[in-house]
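K.L.:
When you get a sec, could you give me coordinates for this:
(chains A and B)
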Number of protein chains: 2
Amino acid sequence: MSKEKLSVVKIGGNVIENKEALETFLEHFSNLEGKKILVHGGGKRATHIASKLGIESNMVNGRRITDADTLEVITMVYGGLVNKNIVAKLQGLNIDAIGLTGADINSIKSEKRPVKDIDYGFVGDVKKVNYQSINKLISADFTPVFCAITHDQNGQLLNTNADTIASELAIGLSKLYHVELFYCFEKNGVLMSVDDDSSVIDYMDSGTYEVLKYDGVFHDGMIPKLENCYHALELGVSRVFIGNPSIINNKDQKFTTLYL
Amino acid sequence: MSKEKLSVVKIGGNVIENKEALETFLEHFSNLEGKKILVHGGGKRATHIASKLGIESNMVNGRRITDADTLEVITMVYGGLVNKNIVAKLQGLNIDAIGLTGADINSIKSEKRPVKDIDYGFVGDVKKVNYQSINKLISADFTPVFCAITHDQNGQLLNTNADTIASELAIGLSKLYHVELFYCFEKNGVLMSVDDDSSVIDYMDSGTYEVLKYDGVFHDGMIPKLENCYHALELGVSRVFIGNPSIINNKDQKFTTLYL
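P.N.:
From the prediction side, this is the model:
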């Protein structure tokens, strides 16, 4: 029996931070047919609010450290302000949304990142997606909206990368659904030349990716994102689409499709 | 056929603000048998954070006005920080909690309070509890944890009194369940004499309440709470219990039982 389709859509900070861009995206999302899940980051809003509260961003080797105060701000901003406003807006668009962290219904269990050279603080690496519990919500026709927070199942919330949450949800739910994963960001797709917005790579299988990576086509920030995508494809996700937020229900434009 | 029991438990700010009191309460709550819902206020945490963010509390006739900035803080603190930490703690106690505002699964629809003498701002009066949707979560053995935020189903979140949310949830769910409603606060119950903690009224029916109210026994803050309770009893709630947080699973102590 062929599996039902499920779309997992991840939007980044640039969409979250711009009120109009967010509303336009949410309309697109509400028109996306079939079962679906939204995953959002938090963008710079958390940094702004932390700074207003006198909490300094603690960076080590260019990576942010999530100390206890920073985790509180992230929980307020991602789990409260951003998540619940998205849920309310989607309800206004007749989407029966439900906002979640990984702690809710124990949906995403993670482990505090072990301290090696750097102590990242309250950062979680995903260990288990409870796809059966999440599917109870999806089967009841609710639309889960995940923020980038997980938990250790022992009372501790943990800050977790939103791209990873999207791919892990997609992998977990591919046991039950034919999953398509959308990464929406400010570019029209993966570019052959970072300064040329029209240089979108239409299709890229894993072999082509390895060749282009070897040739130095991708900048450093793009490589972990793409590795994450091929990892998801290897573990059961059907297709990964990368492009601007309107690609989720308008395929008459440039975007990148990844496949194995 | 007799209905299954459901407990709706409301905890106030004094429990939320004290880390140890909250953990003790959550252990009590995790040991409470049967299906259950938790409703929490936010306490003074929102006021502290608002003040740190430079947002002034705007009071008119002793009532707080919820302007747009204040609503953002409430959404962060009640919907994010307090709610998600409670959910994570309950998961650590093996309760399969799910944190909700009234926007999530459109569970509680309210209407922005009409402006008469005072414009209360983004404050919602409850219009409809979607008990069928909430019951999908309860039937799936999830334990809903509500914060004091609702929505107008048109994209707008609204600040709503936590006592009212608890009683409206109890009323709505009494169509499906035998509902017991617990109001937990810092006193041992409703007192005959406000300064005497041992003067707990054990049982009070609505007739006795009217007589005692006429006699001026209750201070002004208590009357709307009690009116709220008898309103819930009239509309199908089985019993209302008022006392300190440990009464939910320890009846060997003083507390007040209200009935019609």
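K.L.:
Partner strands of the helix or strand where A:Gly99 lies and their direction?
P.N.:
Secondary structure assigned from DSSP states H and E places A:Gly99 in strand A:97-100. Sheet pairing here is set by DSSP bridges, and for strand A:97-100 it gives strand A:143-146 (parallel).
K.L.:
and the residue of chain A found nearest chain B, how many residues sit next to it?
P.N.:
Distances between chain A and chain B by CB to the nearest CB are smallest at A:Gly80, namely 2.2 Å. (Glycine included, C-beta is placed from N, CA and C.) Using other CB atoms under 10 Å in any protein chain shown, A:Gly80 has 30 other residues around it.
K.L.:
do A:Asn31 as well
P.N.:
By the criterion of other CB under 10 Å, A:Asn31 has 12 neighbours.
K.L.:
what about it, distance to B:Ser107?
P.N.:
Distance check for A:Asn31 against B:Ser107: by CB to CB, to the nearest Å, it reads 24 Å.
K.L.:
wouldn't A:Phe29 be in contact with A:Lys36 here?
P.N.:
Yes - assessed by CB atoms under 8 Å, A:Phe29 is found in contact with A:Lys36 at 7.2 Å.
K.L.:
still on that earlier bit, how about the residue lying closest to the residue of chain A closest to chain B once chain neighbours are set aside, phi and psi?
P.N.:
Nearest non-adjacent residue to A:Gly80, counting by CB to CB, 6 or more residues apart in numbering or on different chains: B:Gly80, 2.2 Å away. Dihedral angles of B:Gly80 (phi, psi; degrees, to the nearest 10) stand at phi -100, psi -80.
K.L.:
For A:Thr101, see how far away B:Gly80 is.
P.N.:
Per CB to CB, B:Gly80 is found 9 Å from A:Thr101.
K.L.:
Off-centre distance for the strand holding A:Gly99?
P.N.:
With CA atoms, centre = their mean, to the nearest Å as the basis, strand A:97-100 stands 14 Å off its chain's centre.
K.L.:
could you point out which element follows it?
P.N.:
strand A:108-112.
K.L.:
Which residues does that following strand contact?
P.N.:
Strand A:108-112 is contacted from outside by A:101-102, A:122-130, A:146, A:150-153, A:156, A:158, A:160, A:165, A:168-169, using CB atoms under 8 Å, 6 or more residues apart in numbering or on different chains.
K.L.:
who in the stretch 151-260 of chain A is up against chain B?
P.N.:
Within the stretch 151-260 of chain A, the positions adjacent to chain B are A:His151, A:Gln153, A:Asn154, A:Gly155, A:Gln156, A:Leu157 by CB under 8 Å from any CB of the partner chain.
K.L.:
Can you name the residues bridging to A:Tyr203?
P.N.:
Going by DSSP bridges, A:Tyr203 is paired in beta bridges with A:Thr257.
K.L.:
Also A:Val9?
P.N.:
Residues in beta-bridge contact with A:Val9 (DSSP bridges): A:Leu38, A:Phe182.
K.L.:
what's it in contact with, if anything?
P.N.:
By CB under 8 Å, 6+ apart, A:Val9 lies in contact with A:Phe29, A:Leu32, A:Lys36, A:Ile37, A:Leu38, A:Val39, A:Ala166, A:Phe182, A:Cys184, A:Ile248.
K.L.:
Please identify which of those residues is nearest to A:Glu4.
P.N.:
A:Glu4 has its nearest neighbour among the contacts of A:Val9 in A:Lys36, at 11.5 Å by CB to CB.
K.L.:
Can I take it that the closest one is in a helix?
P.N.:
No - counting by DSSP: H, G, I helix; E, B strand; the rest coil, A:Lys36 is not found in a helix; it is strand.
K.L.:
now it, nearest residue through space, not along the chain?
P.N.:
Using CB to CB, 6+ apart and skipping residues adjacent in sequence, the residue nearest A:Lys36 is A:Ser7, 4.4 Å away.
K.L.:
what are the phi and psi angles of that neighbour?
P.N.:
Dihedral angles (degrees, to the nearest 10) for A:Ser7: phi -100, psi 130.
K.L.:
Just confirm it contacts A:Asn31, I think it does.
P.N.:
No - with contacts counted by CB under 8 Å, A:Ser7 stays clear of A:Asn31, the gap being 11.7 Å.
K.L.:
Only alpha carbons, please: show stretch A:205-221 as PDB.
P.N.:
Provided in PDB are the C-alpha atoms of stretch A:205-221 (Å, rounded to 0.1, in the frame of the first residue of the first chain):
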ATOM      1  CA  ASP A 205      21.900  13.800  -6.600                       C
ATOM      2  CA  SER A 206      24.300  12.700  -3.900                       C
ATOM      3  CA  GLY A 207      27.100  11.900  -6.400                       C
ATOM      4  CA  THR A 208      26.900  15.300  -8.000                       C
ATOM      5  CA  TYR A 209      26.900  16.800  -4.500                       C
ATOM      6  CA  GLU A 210      30.200  15.100  -3.700                       C
ATOM      7  CA  VAL A 211      31.800  16.200  -6.900                       C
ATOM      8  CA  LEU A 212      30.700  19.900  -6.400                       C
ATOM      9  CA  LYS A 213      31.700  19.800  -2.800                       C
ATOM     10  CA  TYR A 214      35.200  18.600  -3.800                       C
ATOM     11  CA  ASP A 215      35.400  21.400  -6.400                       C
ATOM     12  CA  GLY A 216      34.700  23.900  -3.600                       C
ATOM     13  CA  VAL A 217      31.400  25.200  -5.000                       C
ATOM     14  CA  PHE A 218      29.600  25.400  -1.600                       C
ATOM     15  CA  HIS A 219      30.500  27.800   1.200                       C
ATOM     16  CA  ASP A 220      31.100  26.500   4.700                       C
ATOM     17  CA  GLY A 221      27.600  27.200   6.000                       C
END
